[in-house]
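S.K.: here is a sequence together with a model predicted from it:
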Amino acid sequence: MEKRRQRRLPRLVLVTGMSGAGKSTVLDALEDMGWDTVDNLPTDLLPDFVRAGGECRIVPAAVGMDVRSRGFEPEALPELIRSIEGVAPEILYLDCAGRELMRRYDETRRLHPLAPDRPAEDGIARERRATAPLRAAAESIIDTTDLSPTELREELRRRYGDDRDQPVLTVSSFAFARGISRTADLVFDLRFLPNPHWIDELRPLTGKDDAVRAYLAEDPSWGETVARIETLLIDWIPRYWAAGKSYVTVAFGCTGGRHRSVAAAEEIADRLRSAGLHPNVRHRDLASPPSDTIEADPRGEAEAGE
């Protein structure tokens, strides 16, 4: 509960992480929300920036720092930012998969700051090792691998918008075939349920459609599974928040990320709202086209429910 009271102080967020993971986008989005922002501030100027000329800070502030910032010391920064009085300090670490960072560097034709004369992957590996202490100390980690700039801004609005004292609950769906959700605190695997993809009339639909949800409800394990997960989450989520965790993400996965996981995320979100919670819902792979190749299991056979 003490952390809830600290949130009433103006927030100071250190935005750091992997170069190319979206720091500029984050700072621009926070500035649009009324935050004071500054990028690549030398560490010895941080206390002066926070004090804003000796006055008590009354608006939240975000400071961007990475390996290009003067005085950047990943081991010392957490202690430095938490030693500043009059603000509620936190660290936001932006992560991204190496392959996606390489694609971004190739697309922009920029050199990695730690590999000006070597391949970008060398710099990415060095930076990941160097910033590991910051990642370990971060209150919040956002993996931008699968996020568009618009989706990243929406996530920031949920986390850092006007309703800042409310913990953020997100219920999401994803496809195991496209990689497990990177931001989830709790993951539920629904691949044991019959797969609507192998029903011709259901294949083009999604878990948002009544026909798909009705098909899943015909299986006795569906109702039992959803009810047990609902009970678990209603018990656990307040415990996470009481422990000071400001963001909880619950993810449901199936093979293609279009039917079972989507239906479960929508159903659980509805039940959590009925319980007085306010979840955001995000379907990572809903827009992906149906694919028999993806929906087949590793033995080349259709999943249960064909």
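M.R.: Yes, it's here. Residues are numbered from 1 along each chain as shown.

S.K.: can I assume A61 is in contact with P47?
M.R.: No. Checked against Cβ atoms under 8 Å, the pair A61 and P47 is beyond contact range at 11.9 Å. Just so you know, the C-beta spots here come from the backbone N, C-alpha and C atoms, and that holds for glycine as well.

S.K.: between those two, who's got more neighbours?
M.R.: A61 (21 against 13; other Cβ atoms under 10 Å).

S.K.: quick one, phi psi at C254?
M.R.: phi -140, psi -170 (degrees, to the nearest 10).

S.K.: now for it: which residues touch it?
M.R.: 173, 175-176, 189-191, 193, 195, 260-261 (Cβ atoms under 8 Å, 6 or more residues apart in numbering).

S.K.: buried residues in the helix or strand in which V226 is found?
M.R.: Element membership for V226, per DSSP states H and E: helix 220-242. By 16 or more other Cβ atoms under 10 Å, the buried positions in helix 220-242 come out as 222, 225-226, 229-230, 233, 237, 240-241.

S.K.: from the chain's centroid, how far away is it?
M.R.: Centroid displacement of helix 220-242 relative to its chain, using Cα atoms, centre = their mean, to the nearest Å, is 21 Å.

S.K.: look up how far R129 lies from the closest residue to P167 other than its chain neighbours.
M.R.: In space, and not counting its chain neighbours, P167 is closest to W241: 4.6 Å by Cβ to Cβ, 6 or more residues apart in numbering. For W241, the distance to R129 equals 33 Å [Cβ to Cβ, to the nearest Å].

S.K.: likewise for R104?
M.R.: From R104 to R129 the distance is 20 Å (Cβ to Cβ).

S.K.: ok, those two, which is more surrounded?
M.R.: Neighbour totals were compared for R104 and R129, and R104 leads with 17 against 10 (other Cβ under 10 Å).

S.K.: wait, what's in contact with the more buried one?
M.R.: Neighbouring residues of R104 by Cβ under 8 Å, 6+ apart: 20, 96.

S.K.: can you map out the helices along the protein?
M.R.: Ranges of helices within the chain are 2-6, 23-32, 46-51, 77-82, 98-108, 120-130, 132-137, 149-160, 210-217, 220-242, 260-274, 292-295, based on DSSP state H.

S.K.: low-confidence ranges in the stretch 51-200 of the chain?
M.R.: Across the stretch 51-200 of the chain, the ranges flagged by pLDDT under 70 are 52-58, 162-166.

S.K.: 90 instead, please
M.R.: 51-60, 68-69, 71, 84-88, 105-123, 139, 146-168, 178-183 (pLDDT under 90).

S.K.: now do I229, the pLDDT please.
M.R.: With respect to pLDDT, I229 scores 96.

S.K.: meant to ask about G34, not that
M.R.: 86.

S.K.: and for it, the neighbour number?
M.R.: 10.

S.K.: next, it: phi, psi?
M.R.: Backbone torsions of G34, given as degrees, to the nearest 10, read phi 100, psi 10.

S.K.: name all residues that make contact with it.
M.R.: So G34 contacts 59-60 (Cβ under 8 Å, 6+ apart).

S.K.: for K23, see how far away it is.
M.R.: Applying Cβ to Cβ to G34 and K23 gives a distance of 19 Å.

S.K.: go on, D292?
M.R.: To K23, D292 is 40 Å away according to Cβ to Cβ.

S.K.: for the two, indicate the residue with more neighbours.
M.R.: Taking other Cβ under 10 Å, D292 and K23 do not tie; K23 has more neighbours (22 against 11).

S.K.: can you tell me the closest non-neighbouring residue to A251?
M.R.: Distance criterion Cβ to Cβ, 6+ apart; nearest residue to A251, sequence neighbours excluded, is A184 at 3.6 Å.
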